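In: 3D model of this:
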Amino acid sequence: MNEIKETLRNIEQNYRLFQQQQFTFITALQRTRENAHDMIRPVATIRQVQSYMDHHCNNSTDQRILSMFLNICNDLSKLCQSLETLHPGNSVTNGILERCKLLLSHSNDLSAIRAKYPHDVVNHLSCNEAKNHYGGVVSLIPIVLDCMKEWVAHTEKLPRHMLYNVSGGSGSAKTAPQDAAARAAISPKPPSVHPGAQTSVSNKDYMQVQGSKHVRKKGLIDTESYSGKLKSPWKPPGRHA
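Out: You can find the predicted model right below:
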């Protein structure tokens with residue numbers, strides 16, 4: 001989970017740098033749309049941005065900012081894959097991941113989505129026409145980042161044994177049987193006793209018990225006879241009835 005949080009922080013830092021250059025991003029889209037003679041439809045998909053950069057980009061500034069946008073989207077897609085391997089999922093976390101994967105799909109229509117408060121990326125667009133053409137594409141990254149933070153918040157409330165290792169895909173739930181086997185191998189086993197030896201030992205014990213009972217019984221008889229002698233009446237010597 002710490003690795004996921006670190007990756008998410010790095011993506012957020014890159015996005016802050018990108019957000020500071022939103023005007024440059026919109027200018028690059030505007031220029032490449034003109035070069036592509038595609039001024040009517042809005043910028044609605046990641047694939048559309050990729051096509052503008054690959055085929056209709058004429059200067060390094062536009063190339064750099066469009067590439068920055070696509071790289072952030074690609075990093076978010078990779079993080080989605082890591083989240084799937086980290087946790088088997090429940091209804092809440094699976095729903096969040098499915099939404100992220102849908103939004104980051106290169107063919108998904110982004111024209112209708114809008115980032116809401118506290119995000120102000122849409123409000124920074126100059127006019128209604130710009131908002132209609134670019135409102136979806138500038139809202140994509142902040143919306144996905146919010147979804148991933150929500151995923152982390154829900155996952156941290158789950159038991160730790162439900163988490164898997166991001167790198168290996170094996171978690172504590174999977175390694176528990178291996179740990180039990182290792183503990184069983186390390187723990188000393190009681191020494192085995194041959195059946196014949198066990199029988200002889202039992203017989204010996206039995207004879208010792210019987211002998212001790214016999215000694216106790218004999219001692220009891222001697223004590224009783226001695227007590228009987230003490231209780232017999234005393235007769236003076238020399239007198240006879």
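In: which stretches of the protein form strands?
Out: Counting by DSSP state E, the chain has no strands at all.
In: residues near the closest residue to residue 55 other than its chain neighbours, how many?
Out: Distance criterion Cβ to Cβ, 6 or more residues apart in numbering; nearest residue to residue 55, sequence neighbours excluded, is residue 36 at 7.2 Å. Glycine gets a C-beta too; all of them are placed from N, C-alpha and C. For residue 36, the count of nearby residues is 14 (other Cβ atoms under 10 Å).
In: List the contacts of residue 36.
Out: 51-52, 55-56 (Cβ atoms under 8 Å, 6 or more residues apart in numbering).
In: And the residues you listed, which of them are buried?
Out: Buried subset of these (neighbour count, 16 or more other Cβ atoms under 10 Å): 52, 56.
In: Let's have the contacts of residue 36 in TSV, adding distance to residue 110 and pLDDT.
Out: What follows is those, written out as TSV (distance: Cβ to Cβ, whole Å; pLDDT from 0 to 100):
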residue	distance to residue 110	pLDDT
51	14	97
52	14	97
55	20	96
56	19	97
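In: Just checking, which helix or strand of the protein averages the lowest pLDDT?
Out: Least confident helix or strand, the chain: helix 172-186 with a mean of 44, by mean pLDDT, DSSP states H and E.
In: what about stretch 101-114, how long is it end to end?
Out: 17 Å (Cα to Cα, to the nearest Å).
In: got the buried residues for it?
Out: Buried, per 16+ other Cβ under 10 Å, within stretch 101-114: 101, 103-104, 108, 110-111, 113.
In: ok, residue 70 to residue 41 distance?
Out: 19 Å (Cβ to Cβ, to the nearest Å).
In: Who has more neighbours out of those two?
Out: Of the pair residue 70 and residue 41, residue 70 is the one with more neighbours under other Cβ under 10 Å, namely 15 against 10.
In: wouldn't the more buried one be in contact with residue 53 here?
Out: Yes: with contact defined as Cβ atoms under 8 Å, residue 70 reaches residue 53; the gap is 7.0 Å.
In: list residues touching both of the two?
Out: Going by Cβ under 8 Å, 6+ apart, no residue sits against residue 70 while also sitting against residue 53.
In: got the residue ranges for the helices in this structure?
Out: Ranges of helices in the chain, per DSSP state H, are 2-19, 22-35, 46-55, 60-86, 91-104, 128-156, 172-186, 195-231.
In: rank these by pLDDT, which is bottom?
Out: Note on these: lowest mean pLDDT is at helix 172-186, with a mean of 44.
In: show me the contacts for residue 4.
Out: So residue 4 contacts 79, 82-83, 86, 152, 166 (Cβ under 8 Å, 6+ apart).
In: Test my guess that residue 35 contacts residue 59.
Out: No: assessed by Cβ under 8 Å, residue 35 is found out of contact with residue 59, at 10.6 Å.
In: Those two: which has the busier surroundings?
Out: The residue with more neighbours, out of residue 35 and residue 59, is residue 35; 14 against 10, by other Cβ under 10 Å.
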